[in-house]
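# Kindly generate the corresponding structure for this input.
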Amino acid sequence: MRKIFFLVTMGMVAATLASSYEPTWESLKNYEAPEWYEDAKLGFWVHWGVYSVPAFMGDHAGEWYGRWMYCKEGQSSRHDQALATHQHHLETYGDPAVFGYKDFIPMFKAENFNADEWADLCVMGGAKFFTMMGAHHDSFCLWDTKLSKWNSVNMGPKRDLVGEIEKAVRRKGLKFGVSNHTAWNYCFFQWNHINGYDAKDPAYEDLYGTPIVPDGLDEVRVRPEEQEGKGRGQWFDRSRNLIQPSERDLNRWLARTKELADMYQPDLYYFDWGFRPSVWESRRLEFGAHYYNKAMEWGKGTFGAPDVVINAKGTQFKPGTAVRDFERGGMDKIADMVWQTDDCVYNDHNWGYVPGVAIKPTNQIIDQLMDIISKRGVLMLSFAPKADGIFPDDQKAMMRELGEWLKINGEAVYATRPYEVFGELGSQWMEKDEHGRKKMIATADDIRFTRNKSNTVLYATMLKWPGEKVVLKTFKEVDLSGVSSVRLLGAEGDLSWQPTEAGLEIQLARKPSYGMAFPIRIEFEQQIAAPAGK
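Residues are numbered from 1 along each chain as shown. Next up, the predicted model:
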């Protein structure tokens, strides 16, 4: 027993004395997320790149154009979702063997991109950080990389797009992040490799990757249950990648990923899925240690609190070593550590700009934001500029509406923390879309709670206007003698209230003109009263 105690104690001492991170999960667990990040609550992001030129989503997503343009009939799942893109390319641009994805690059000019205007829109929208797309699955780098000629300085825009926006957003006092989706590059162009299009030319391997491609895959088709009656030949499971990354793919990912961090010193580094398989683990660990150590070198933080954020999905980074990210999803309870939802102004799968596709209503985004932060989350909301660098008018209108709401109600959002319970749920508050993913449908019974850091002010945000009064059932059988004032943000004067058998009953004044999610500010003389039984 004394030996065990000694070993445990020595391990604790070693962790205490450590001054830098090692590429192990045990070392990376010496991490806490920055306070600035948990205070921020809202960041903006973009999906912008070569795929913004064709701007066609077909039956899936615009930013996946480079994958589906090479995919033949019967080779994709979910009702041949790739076929519309493949046919569109044939009809519009010609044979992919002749006009490949690489040939869109000269058309991506970003001629109207103005980093200062983007930063102004971010401030107007109330975001506290901005995440710039470094490279999507297509691996075309939007920064001045020295590791590949396939970048926005050598080709297309002939500009360091990441560098320009980094300087602009920092001038506005915002935190800056980068987004890296390149781990899946080897598989993104899977059908280009399998079907023998322009990926077979060694001149383009640094764009399309150099994966391990088994023989005989040119005859693969999806399983009959995935696509009835389509194609012949061997079947494949849509959940399985048919090709695997080569050692070169693994090493170039790590080198570029480090370079992007070293060049722009981001406060946040977002990763998409794609590097979860065990073959990536050593690289994930090496980058985690590298980034946290660099953050200390840059003067951002210290060991244990490097003051930067790694966003990773699922089990890509072990719990406590980074900030967990949920794509178009989130937690259903208050978390022990801050987490993030990344979502887009578009519904369904699409993230990149596509003309004529409607975006979500602003009130839906605000409802989502309040639900997320009530559970200790942060929302990173993606927008989709056109290829020339201009945001569509409807997206700019959303930014403006979101910012105007936050100017009035921001104290219920920024620098808040969760209450003892995250809120009160309506009977139909969640429903599933056609793909089985949950989405929030707020009702007049939906309330979300946040509080100030000193735990003296509670914000009860009504996601829909309930009418003449609201009853907070959470405060049933709770001593409310410590309440000093109750008022509605954006409205003058205090509200009348009384404790009842059903809970805290509040008489509401006229519905505020801002018309979306209505926070009630409840101030206590000392600490906020806890729910019964807490």
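
# mind showing which ranges of the stretch 201-350 of the chain have poor pLDDT?
218-240 (pLDDT under 70).

# show me where it has helices.
Under the criterion DSSP state H, counting those that start in this stretch, helices of the stretch 201-350 of the chain are mapped to 205-208, 247-264, 281-297.

# now those helices as a markdown table including mean neighbour count?
Placement of C-beta: from N, CA and C, glycine included. Listed next are the helices of the stretch 201-350 of the chain as a markdown table, based on neighbours: other C-beta atoms under 10 Å:
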| stretch | mean neighbour count |
| --- | --- |
| helix 205-208 | 20 |
| helix 247-264 | 18 |
| helix 281-297 | 19 |
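
# Now the most centrally placed residue in the chain: closest residue in space that isn't a chain neighbour?
For the chain, Asp342 is the residue whose C-alpha lies nearest the centre (C-alpha atoms, centre = their mean; 2.4 Å). With sequence-adjacent residues excluded and distances taken as C-beta to C-beta, 6 or more residues apart in numbering, Asp342 is closest to Met380, at 4.7 Å.

# thinking again about what came up before, can you tell which of the helices of the stretch 201-350 of the chain is closest to Cys141?
Of all the helices of the stretch 201-350 of the chain, it is helix 247-264 that lies closest to Cys141, at 7.0 Å by C-beta to C-beta.

# Show me how the record splits the protein into domains.
According to automatic domain parsing, the chain comprises the domains 25-412, 423-524.

# on that earlier part again, what's the helix or strand harbouring the residue nearest to Asp342 packed up against?
Here Met380 sits within strand 377-383, counting by DSSP states H and E. Counting contacts by 3 or more C-beta pairs under 8 Å, 6 or more residues apart in numbering; DSSP states H and E, strand 377-383 packs against helix 35-40, strand 42-46, strand 339-344, helix 362-373.

# Tabulate the ones you listed (JSON lines), appending distance to His193.
What follows is the helices and strands packed on strand 377-383, written out as JSON lines (distance: least, C-beta to C-beta, whole Å):
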{"stretch": "helix 35-40", "distance to His193": "39"}
{"stretch": "strand 42-46", "distance to His193": "28"}
{"stretch": "strand 339-344", "distance to His193": "28"}
{"stretch": "helix 362-373", "distance to His193": "38"}
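
# Which of the ones you listed sits closest to Ala110?
Of all these, strand 42-46 sits nearest to Ala110, with 11.7 Å by C-beta to C-beta.

# before we move on, back to that, isn't the residue nearest to Asp342 right up against Tyr270?
Yes. If you go by C-beta atoms under 8 Å, Met380 and Tyr270 touch, sitting 7.3 Å apart.

# Spell out which residues are contacts of both of the two.
Shared contacts of Met380 and Tyr270 (C-beta atoms under 8 Å, 6 or more residues apart in numbering): Trp45, Thr131, Asn311, Asp325, Asp342.

# just the helices in the stretch 1-150 of the chain please.
Ranges of helices in the stretch 1-150 of the chain, per DSSP H, counting those that start in this stretch, are 2-17, 25-28, 35-40, 65-68, 77-80, 83-92, 115-124.

# now those helices as CSV including mean neighbour count and distance to Phe176?
CSV is the format used below for these (neighbours: other C-beta atoms under 10 Å; distance: least, C-beta to C-beta, whole Å):
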stretch, mean neighbour count, distance to Phe176
helix 2-17, 10, 30
helix 25-28, 17, 22
helix 35-40, 19, 12
helix 65-68, 26, 27
helix 77-80, 16, 36
helix 83-92, 16, 33
helix 115-124, 19, 10
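
# Could I get these in a markdown table, plus columns for distance to Gln265 and mean pLDDT?
Compiled in a markdown table, these are given as follows (distance: least, C-beta to C-beta, whole Å; pLDDT from 0 to 100):
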| stretch | distance to Gln265 | mean pLDDT |
| --- | --- | --- |
| helix 2-17 | 26 | 45 |
| helix 25-28 | 19 | 98 |
| helix 35-40 | 15 | 98 |
| helix 65-68 | 30 | 98 |
| helix 77-80 | 40 | 78 |
| helix 83-92 | 37 | 97 |
| helix 115-124 | 17 | 98 |
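
# Tell me which of these lies nearest to Tyr419.
Per C-beta to C-beta, nearest to Tyr419 of those: helix 35-40, 15.0 Å.

# if I look at Asp479, how far off is Pro385?
Noted for Asp479: a distance of 53 Å to Pro385, by C-beta to C-beta, to the nearest Å.

# Show me which of these two is the more surrounded one.
A count of neighbours by other C-beta atoms under 10 Å puts Pro385 above the other of Asp479 and Pro385, at 23 against 11.

# measure the more buried one to Met399 for me?
Distance from Pro385 to Met399, by C-beta to C-beta: 12 Å.

# Now do the shared contacts for these two.
Both Pro385 and Met399 are in contact with Phe391, where contact means C-beta under 8 Å, 6+ apart.

# how about the residue lying closest to Val308 once chain neighbours are set aside, what does it touch?
Excluding the flanking residues, the one nearest Val308 by C-beta to C-beta, 6+ apart is Ala295, at 4.3 Å. Residues near Ala295 by C-beta under 8 Å, 6+ apart: Gly301, Pro306, Asp307, Val308.

# re the thing from before, list the contacts of the residue nearest to Asp342.
Leu42, Gly43, Phe44, Trp45, Thr131, Tyr270, Asn311, Asp325, Gln340, Thr341, Asp342, Asp343.

# Which member of the residues you listed is positioned nearest Ala119?
Nearest to Ala119, judged by C-beta to C-beta, of these is Phe44 at 9.9 Å.

# Tell me how many other residues surround that closest one.
Residues near Phe44, counting by other C-beta under 10 Å, number 27.

# Please name the bridge partners of it.
Beta-bridge pairing for Phe44 (DSSP bridges): Phe130, Leu381.

# mind checking pLDDT for it?
Predicted confidence (pLDDT) at Phe44: the value is 99.

# quick one: it and Ala127 touch, right?
Yes. With contact defined as C-beta under 8 Å, Phe44 counts as touching Ala127 (4.2 Å).

# between the two, what contacts are shared?
What both Phe44 and Ala127 touch, as defined by C-beta under 8 Å, 6+ apart, is the set Leu381.

# Please, which helix or strand holds Tyr459?
Element membership for Tyr459, per DSSP H and E: strand 457-462.

# Could you list the residues in contact with that strand?
Applying C-beta under 8 Å, 6+ apart, the external contacts of strand 457-462 come out as 370, 374, 409, 411-412, 416, 419, 444, 446-451, 470, 472, 489, 517-524, 528.

# Send me whichever helix or strand comes after it as PDB with only the CA atoms.
Downstream of strand 457-462, the next assigned helix or strand under DSSP H and E is strand 469-472. The C-alpha coordinates for strand 469-472 follow below in PDB (Å, rounded to 0.1, in the frame of the first residue of the first chain):
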ATOM      1  CA  LYS A 469     -47.500  35.900 -17.600                       C
ATOM      2  CA  VAL A 470     -44.900  33.200 -17.200                       C
ATOM      3  CA  VAL A 471     -44.500  30.700 -14.300                       C
ATOM      4  CA  LEU A 472     -41.000  29.400 -13.600                       C
END
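
# hmm, who's touching strand 469-472?
Residues contacting strand 469-472 (C-beta under 8 Å, 6+ apart): 424, 447, 460, 462, 500, 502-508, 520.

# same deal with stretch 189-204?
In contact with stretch 189-204 (C-beta under 8 Å, 6+ apart) are residues 66-68, 70-72, 75, 82, 96-97, 100-102, 138, 205, 208-209, 211, 213, 217-218, 220, 241-243.

# can you pull the buried residues of it?
Neighbour counts over stretch 189-204 (16 or more other C-beta atoms under 10 Å) mark Phe189, Gln190, Trp191, Asn192, His193, Ile194, Asn195, Tyr197, Asp198, Ala199, Tyr204 as buried.

# Cross the residues you listed against helices and list the overlap.
Counted as lying in helices by DSSP state H, out of the buried residues of stretch 189-204, are Gln190, Trp191, Asn192, His193, Ile194.

# you'd agree His79 is up against Asp59?
Yes. Between His79 and Asp59 there is a contact under C-beta under 8 Å: 7.2 Å.
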